[in-house]
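> Predicted model and sequence follow; I will ask about them next.
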Amino acid sequence: MNLISRPGLLRCVLLAAIVAGAAARIVTVGEADVGGYGYGWNPSVNYTKWAAETPLRPGDILVFEYPKRAEVVYRVGSTTDLTSCHLKGAQVLCDSLRGSRPGKDGAASACAVTVESGPMYITSIKTHCQQGQQLVVEPIIDDTAAGDGDSGDAAAVVNPPVVGDVVNDGTTAGEGADGENGSGTQAAEEKGAAEKLAEAAVNQAGPAANHTEPAANGVRLAGTLSHGPIGNVSTEDSSVPLPSPPGSPSVAPLSNAGAGNADSNAGGNAVVPRLATTQASGRSIVVGNPTPSYNYPFNPQVNYNSWVAKSKLYDGDVILFKYPNYHQEVVQFARYGDYRSCNFRAAKVVCYDSWGSKSGCAIKVTRTMAYYASGLYGNCLAGQKVAVKANAKPYTPRTLAVGYPSQQFKWNWNPNGQFDKWLQYNKVYTGDTVVFKYPPYKDEVFIVPSLTDYRNCDYSNYISYCNSTDGAGAGCYSNPITATTYFISGIFSHCMKDNQRIVITPQKPPS
């Protein structure tokens, strides 16, 4: 999917507002020249002052700018959650990849949030929230609310409109009330074009502006992992990862899914997440089939060679010989020659004449060829005989949770996960799926393309990812492992200092 550029995205969002008849503005949140950050959404801004000086109305577009993996935009449910920096259950409005600007690091996406009619409580990662990066958006409902009612002052607009901005009379700055040509036909055509552009913006922007987390039954990573872009994480005992170097690729959300699937998000390979599975029990398969002359399956008119080819018998399967009581028996030959010639001299009866009714006479199939026939000599010569052998049962892929919980960390994907030991006791076969489990805002998972990136804990060329909340519930699932795959923690100190990383090379499944 080709990502739309930030200017193009904002124009499309604005056009959508025009179509809706709203007098919307685009407002960049924060101050880029404060604190030396170089971008607006940062913890050094006085957001109380900024909000007081920037009146907003429902429908206005808030733009949050920040480098990749430097910030996240969360929405919490109340003032209490905001002031206490309580992020459990917070809505991810924009993940750590959505604030980048084309001129900064080559990304082609931006974080745009529409102002609603009620209060909105917005913050960033926990450590930045604790430093005061807390924004309360209380929109002005009518045009007089921002001014002084007694003095008659009109609502102030801090920044004068520029060409392309919508002003309060519904026209566009730089044009007259009727536009440049005053043509009603052209206005209708432009509105139709705006509708198409707005629809394209929604389709291309995807869930970036209002990203919500999937249900707790698991998500799937993209590429080899699934769902959602990685969010920058803050833990109480770890530092915030540094932004990506310039030129880092922008990766579309994967498909949680699977979970699934994840899955989903490849990008995304959306697949329904799976819990760990075991080898399925054997099947019960009826030998033969009724024919025009016989209303029971085991009869002399069946082509048993064709039946064997279609049945595909596996280890553990059971075959059922069904026939009416006292019509015949089923015998087994010890040698192929006797089977071929219907020589009953050394044959033994395995199903008596009263065993074929109702559920049938059951015989378990093994990996050794076995020869069976009707106990009636004439029927055997007519072809009522079958040679069966079980094939190796297809491997049933499993799902394995990576890592071990510890006394300090009660979840699998953690700095003390003993990943080398985990690999010794958990053989991963081709087609298996791995799952990463961790509480919200405690970690991330990246897949990187090379051993060098793995050793250096370098995220810049990552293939896919799980964000800071994807590990909750059933966890974040990979796609089936088919080749050597490099997984690293999204928190640099966890990866480099604590060696929270793992290389998985799948083995051939057992036969």
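Okay, I see it. As the structure is a computational prediction, the values presented were derived from the model and not from experiment. Residues are numbered from 1 along each chain as shown.

> Asn379 falls within a helix, correct?
Yes - under DSSP: H, G, I helix; E, B strand; the rest coil, Asn379 falls within a helix.

> what's near enough to touch the closest residue to it other than its chain neighbours?
Distance criterion CB to CB, 6 or more residues apart in numbering; nearest residue to Asn379, sequence neighbours excluded, is Pro300 at 4.6 Å. Placement of C-beta: from N, CA and C, glycine included. Residues near Pro300 by CB atoms under 8 Å, 6 or more residues apart in numbering: Tyr294, Ser374, Asn379, Ala382, Gly383, Gln384.

> What of Tyr294?
Pro300, Gln301.

> Save the contacts of Pro300 as TSV, and put in distance to Tyr454 and pLDDT too.
Below are the contacts of Pro300 laid out as TSV (distance: CB to CB, whole Å; pLDDT from 0 to 100):
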residue	distance to Tyr454	pLDDT
Tyr294	65	94
Ser374	64	93
Asn379	66	92
Ala382	66	94
Gly383	62	96
Gln384	62	97
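
> And the pLDDT for the spatially closest residue to Ala392 that is not a sequence neighbour?
The shortest distance from Ala392 to any non-neighbouring residue, by CB to CB, 6+ apart, is to Ser511 (4.5 Å). pLDDT, Ser511: 71.

> and Ser511, how far is that from Gly356?
Separation of Ser511 from Gly356 (CB to CB, to the nearest Å): 34 Å.

> neighbour count winner among those two?
Set Ser511 next to Gly356 and count neighbours by other CB atoms under 10 Å: Gly356 wins out with 24 against 9.

> re earlier: separate out the buried members of the contacts of Pro300.
Those of the contacts of Pro300 that meet the buried threshold are Tyr294, Ser374, Asn379, Gly383, Gln384, by 16 or more other CB atoms under 10 Å.

> What about those residues, which are in strands?
Ser374 (DSSP state E).

> now the buried ones among the contacts of Pro300 in a markdown table, with distance to Phe333?
Listed next are the buried ones among the contacts of Pro300 as a markdown table, based on distance: CB to CB, whole Å:
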| residue | distance to Phe333 |
| --- | --- |
| Tyr294 | 23 |
| Ser374 | 12 |
| Asn379 | 14 |
| Gly383 | 15 |
| Gln384 | 13 |
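
> ok, back up a step: the residue nearest to Ala392 is in contact with Ala390, isn't it?
No - with contact defined as CB atoms under 8 Å, Ser511 does not reach Ala390; the gap is 12.0 Å.

> What are the contacting residues of stretch 30-47?
Identification of contacts with stretch 30-47 by CB under 8 Å, 6+ apart yields 28-29, 50, 64-67, 70-71, 73, 99, 101, 104, 111, 124, 128, 131-136.

> What helix or strand is the residue nearest to Asn379 located in?
Assigned by DSSP states H and E, Pro300 belongs to no helix or strand.

> any idea how far it is from Lys358?
Applying CB to CB, the value for Pro300 to Lys358 is 21 Å.

> now swap in Ser406 and tell me
56 Å.

> Show me which of these two is the more surrounded one.
Ser406 (14 against 7).

> show me what contacts the more buried one?
So Ser406 contacts Asn414, Asn416, Gly417, Gln418 (CB under 8 Å, 6+ apart).

> what about Pro449, how many residues close to it?
A total of 14 residues lie near Pro449 under the criterion other CB under 10 Å.

> Just list the residues touching it, thanks.
Asn461, Tyr462, Ile463, Tyr486.

> what about the residue nearest to Glu116 when sequence neighbours are not counted, how many neighbours?
In space, and not counting its chain neighbours, Glu116 is closest to Pro58: 6.2 Å by CB to CB, 6+ apart. Neighbours of Pro58 under the rule other CB under 10 Å: 14.

> Ile502 belongs to a strand?
Yes - looking at Ile502 with three-state DSSP, it is inside a strand.

> Quick one: residues contacting Ile488.
Counting by CB under 8 Å, 6+ apart, Ile488 touches Val445, Phe446, Val448, Tyr454, Cys457, Tyr459, Cys495, Gln500, Arg501.

> Kindly recompute the last result at 7 Å.
Phe446, Val448, Tyr454, Cys457, Cys495, Arg501 (CB atoms under 7 Å, 6 or more residues apart in numbering).

> For it, name its beta-bridge partners.
For Ile488, the beta-bridge assignment (DSSP bridges) gives partners Phe446, Arg501.

> Spatially, which residue comes closest to Lys389, not counting chain neighbours?
Of all residues not flanking Lys389 in the chain, Met369 sits nearest, at 4.4 Å (CB to CB, 6+ apart).

> what does the model give that neighbour for pLDDT?
pLDDT for Met369: 96.

> thought it was touching Asn391?
No - with contact defined as CB atoms under 7 Å, Met369 does not reach Asn391; the gap is 11.6 Å.

> which ones are touching the nearest residue to Gly375 once chain neighbours are set aside?
Closest residue to Gly375 apart from its sequence neighbours, by CB to CB, 6+ apart: Glu329 at 3.3 Å. By CB under 7 Å, 6+ apart, the residues touching Glu329 are Val349, Cys351, Tyr352, Asp353, Gly375.

> Tell me the one among the contacts of Ser406 nearest to Lys310.
Gly417 (47.4 Å; CB to CB).

> residues touching the closest one, list them.
Gly403, Tyr404, Gln500.

> ok, now Arg367?
Asp315, Lys389, Ala390.

> Would you mind naming the helix or strand containing it?
Here Arg367 sits in a region with no helix or strand, counting by DSSP H and E.

> So it versus Glu53, what's the distance?
80 Å.

> quick one: pLDDT of the closest residue to Tyr323 other than its chain neighbours?
Using CB to CB, 6+ apart and skipping the chain neighbours, the partner closest in space to Tyr323 is Gly356 (3.7 Å). Per-residue confidence (pLDDT) for Gly356: 87.

> Show me where the stretch 301-450 of the chain has its strands.
318-321, 330-333, 348-351, 361-364, 370-374, 385-388, 399-401, 433-436, 445-448 (DSSP state E, counting those that start in this stretch).

> Tell me which of those lies nearest to Gln424.
Ranking the strands of the stretch 301-450 of the chain by proximity to Gln424 (CB to CB) places strand 399-401 first, at 13.2 Å.

> Now do that closest one, average pLDDT.
The average pLDDT for strand 399-401 rounds to 94.

> what helices or strands is it leaning on?
strand 433-436 (3 or more CB pairs under 7 Å, 6 or more residues apart in numbering; DSSP states H and E).

> Pull out the buried positions in the strand it packs on.
If you call a residue buried by 16+ other CB under 10 Å, then strand 433-436 has these buried ones: Thr433, Val434, Val435, Phe436.

> cool, and stretch 416-432?
Applying 16+ other CB under 10 Å to stretch 416-432 flags Gly417, Phe419, Trp422, Asn426, Val428, Tyr429, Asp432 as buried.

> Equivalent analysis for stretch 491-507, please.
Applying 16+ other CB under 10 Å to stretch 491-507 flags Ile491, Phe492, Ser493, His494, Cys495, Asn499, Gln500, Arg501, Ile502, Ile504, Pro506 as buried.

> where in the stretch 51-200 of the chain is pLDDT low?
Residue ranges of the stretch 51-200 of the chain with pLDDT under 70: 68-69, 96-110, 142-200.

> which of the contacts of Pro449 has the most neighbours?
Ranked by neighbours (other CB under 10 Å), those are led by Tyr462, which has 23 neighbours.

> tell me the contacts of that one?
Phe446, Ile447, Val448.

> between those, which is closest to Lys322?
In terms of CB to CB, no member of the contacts of Tyr462 lies closer to Lys322 than Ile447, at 52.2 Å.
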